[in-house]
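1. what's the 3D shape of this:
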Amino acid sequence: MSDDRGTLRVVAWNDLFPWLALLRAFRLAIQARILALGALAVVLTVVGWWGIGQMFSASGNEQLVQWIGAYGHWPRGDDSEPGASVEEMKRAPLGMAGPADTIFEPPRFAARADVPVLSAWFNVTGPFRQLFEPGLTFVGLAFLLACALWVDLVWAFFGGVITRLIALQVTRHERGSLRAAVRYVLRRYQAYFTAPLFPLFGMLLFVAPLAIVGLVGRSGGVGLAALALLWPAFLVAGLVVTIFLVGLIFGWPLMWPTISAEGTDSFDALSRSYSYVYQRPLHYLWFITLACLLGALGWLFVQYFAATVIYMTAWSVSWGSGAEVFDVATTAGQIRGFWLGLVQAVVAGFAYTFFFSAATITYFLLRYEVDGTETDEVFVDAGSEKFGLPAVAPDAAGVPTVVDDESSENELSTEGASDSVS
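-> Down below sits the predicted model:
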C-alpha cells in the first residue's frame, strides 16, 4: 500500500495567485498583428490631432499654441504626454529616429523609464482631462472637444479589436481571427464609442444647473449670500460629480474589455466598470501596480531592442556608404526618417497594446473577484467564432486541405454537395 498520500504533487499557482495571469500581458502585447494595430492607431490619432490643430491654428488664440504643438506631434518612443511643453515633446528619445549623430549612438538604457500603463492612460485621456482646466476659452474648449472625440473614435475601434483578440487568447488560449474580431467590433462600435462618454454626460447634468445657479453670484452681495446658503446643496452635487469622475478615471480601461468579453452594450460596460472599481479598490490598485511594474520592464526591453535594430542597421550600411548617407537634410535622409518614424510608431504602439492587454486581464480578474465568473468564460457569437481543429475539405485534385477562409469553406461545401447530387 502506498504511503505517499500526503505528498504534494502539483501546486496550482494560478489558483493561489490569480494575478500571475498579468505575466502574460507582455507576450500578448508584442504579437505582430497586435503591435500593428497599436501603431496604426497611434499614427491615426496623431494625424487627426494634427489636422484639428491646422483648423484651429488660424484663430490666433495663444492658449492653443502649446496644445497644437503637443497634440499634433509625431509619436515618439518615449510617448510624452499630450499637453506637455512643446520643447519636451520635441526632445529626441535615446537611440530612436533623429540626426545622424543620434543614430550612431550605441543603444543603452534611458535614465528615466516611462511606464506604458501610465503613459497610454495619460495620452488617451489628455484632451478629456484638460477639459477640466480653469479659464478655458470657447476656442480652446472646441479644440479639446474635437481632439477628445477624435481619440475616442479611433481607439473605440482599435482598442475594441485589441481587447477582443486578447480576451479570446486569455480565455480560450487560441488565436482568434482578426477578421472576426473586426466584425465583432463593428457590430458593437456604438457601444465602444459611447461607453466612456456617458459618465461625462452624467457629470454635465449636475454641473450645468450649478453653473446656471452660479450666475446669481454676479448680482453682487445678495447673490453671493444666496450662493453661500445654498453651498451644502452644491457640495452634495459636487460629491455626485466626484463619484462619476473617480469611477470614470479608473473604470474606463475596463469598459472596452467588458464589451469585448461579454458582447454587451455600453450601459453594462459602465455598470460593471464602476462596480468593480468601487467594490474591489484594493485588488484593482494591486493589479494596476503590478501591471505598471511589468510594463516598465517590458518597455525597457522594447526600447532597447528597437534602438539596437536601428543602430545595427546604420552601422552595417555605413561600412559601405559612409556616414554621408545619413544626412537628414537630403531627400534620402527624409525617406530614411520616414522608415525610422514607422519604427517609432511601433515602439509607441507597444505602450497601448500592453495597456489594453493588462486591462483585459485585469477585467477577468476583477470579474472573478466580484461576480465569481470563471476567467475562461467569454462571449462568442453563434457561428461567427470557430475554435478547435480547422475545417478540412478536398481541393480540386481531391487532396484534403485546411480551409482557412469562410468563403472558401462555403465554396468547397457547395461543390461537395453538387458532386453528391450528381
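
2. how about residue 133, phi and psi?
-> Phi and psi for residue 133, reported as degrees, to the nearest 10, are phi -70, psi 140.

3. I'd like to know how many residues surround it.
-> Burial of residue 133 is recorded as 12 neighbouring residues (other C-beta atoms under 10 Å). C-betas here are computed from N, CA, C, even on glycine.

4. output stretch 197-213 in CSV with nothing but the alpha carbons.
-> Provided in CSV are the C-alpha atoms of stretch 197-213 (Å, rounded to 0.1, in the frame of the first residue of the first chain):
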residue,chain,number,x,y,z
LEU,A,197,-18.8,59.4,-22.8
PHE,A,198,-21.9,58.5,-20.7
PRO,A,199,-20.2,59.4,-17.3
LEU,A,200,-19.3,62.8,-18.9
PHE,A,201,-22.9,63.4,-19.8
GLY,A,202,-23.9,62.4,-16.3
MET,A,203,-21.5,65.0,-14.8
LEU,A,204,-22.8,67.6,-17.2
LEU,A,205,-26.3,67.0,-15.9
PHE,A,206,-25.1,68.0,-12.4
VAL,A,207,-22.7,70.7,-13.4
ALA,A,208,-25.0,72.6,-15.7
PRO,A,209,-27.6,73.5,-13.0
LEU,A,210,-24.8,74.6,-10.7
ALA,A,211,-23.4,76.9,-13.3
ILE,A,212,-26.8,78.4,-14.0
VAL,A,213,-27.5,79.0,-10.3
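
5. OK, contacts around residue 230?
-> residue 213 (C-beta atoms under 8 Å, 6 or more residues apart in numbering).

6. any idea how far residue 204 is from it?
-> 20 Å (C-beta to C-beta, to the nearest Å).

7. buried ones in the helix or strand residue 164 falls within?
-> Applying DSSP states H and E as the criterion places residue 164 in helix 138-172. Within helix 138-172, the residues that count as buried by 16 or more other C-beta atoms under 10 Å are 140, 142-144, 146-152, 154-172.

8. for the spatially most central residue of the chain, what are its contacts?
-> Relative to the mean C-alpha position of the chain, the nearest C-alpha, by C-alpha atoms, centre = their mean, is the one of residue 352, at 4.2 Å. Contact analysis of residue 352 by C-beta under 8 Å, 6+ apart lists 38, 41, 42, 116, 120, 123, 124, 155, 159, 162.

9. from memory the fourth one sits against residue 354, does it?
-> Yes: using C-beta atoms under 8 Å, residue 116 makes contact with residue 354 at a distance of 4.4 Å.

10. which helices and strands does the helix holding residue 164 pack with?
-> helix 25-29, helix 32-56, helix 63-71, helix 116-130, helix 178-187, helix 189-194, helix 231-262, helix 331-371 (3 or more C-beta pairs under 8 Å, 6 or more residues apart in numbering; DSSP states H and E).

11. contacts made by stretch 29-38 with the rest, please.
-> Counting by C-beta under 8 Å, 6+ apart, 28, 158, 161-162, 165-166, 178, 298, 302, 346, 349-354, 356-357 sit against stretch 29-38.

12. where does residue 337 land on pLDDT?
-> Here, the pLDDT recorded for residue 337 equals 75.

13. same question, the one 4 residues further on
-> We note a pLDDT of 78 for residue 341 in this prediction.

14. and if you look at the one 5 residues further on?
-> Taken from the predicted model, the pLDDT recorded for residue 346 is 87.

15. try residue 409
-> Looking at residue 409, the pLDDT reads 42.

16. quick one: low-confidence parts of the protein?
-> Where the chain drops to pLDDT under 70, the residues are 1-16, 57-114, 321-330, 332-333, 382-391, 398-399, 402-422.

17. any idea which element residue 132 lies in?
-> Going by DSSP H and E, residue 132 is not in any helix or strand.

18. may I have the phi/psi pair for it?
-> phi -90, psi 10.

19. try residue 394
-> Torsion angles, degrees, to the nearest 10, at residue 394: phi -70, psi 140.

20. so in terms of bridging, what pairs with it?
-> Using DSSP bridges, the bridge partners assigned to residue 394 are residue 400.

21. what's the spacing between it and residue 181?
-> Residue 394 is 29 Å from residue 181, by C-beta to C-beta.

22. residue 400: what's it in contact with?
-> Counting by C-beta under 8 Å, 6+ apart, residue 400 touches 392, 393, 394.

23. quick one: which helix or strand includes the first one?
-> So the one you mean is residue 392. Using DSSP H and E, residue 392 falls in strand 391-394.

24. return the distance of stretch 190-205 from the chain's centre.
-> With C-alpha atoms, centre = their mean, to the nearest Å as the basis, stretch 190-205 stands 18 Å off its chain's centre.

25. for it, buried residues please.
-> Across stretch 190-205, burial judged by 16+ other C-beta under 10 Å covers 191, 192, 193, 194, 195, 196, 197, 198, 199, 202, 203.
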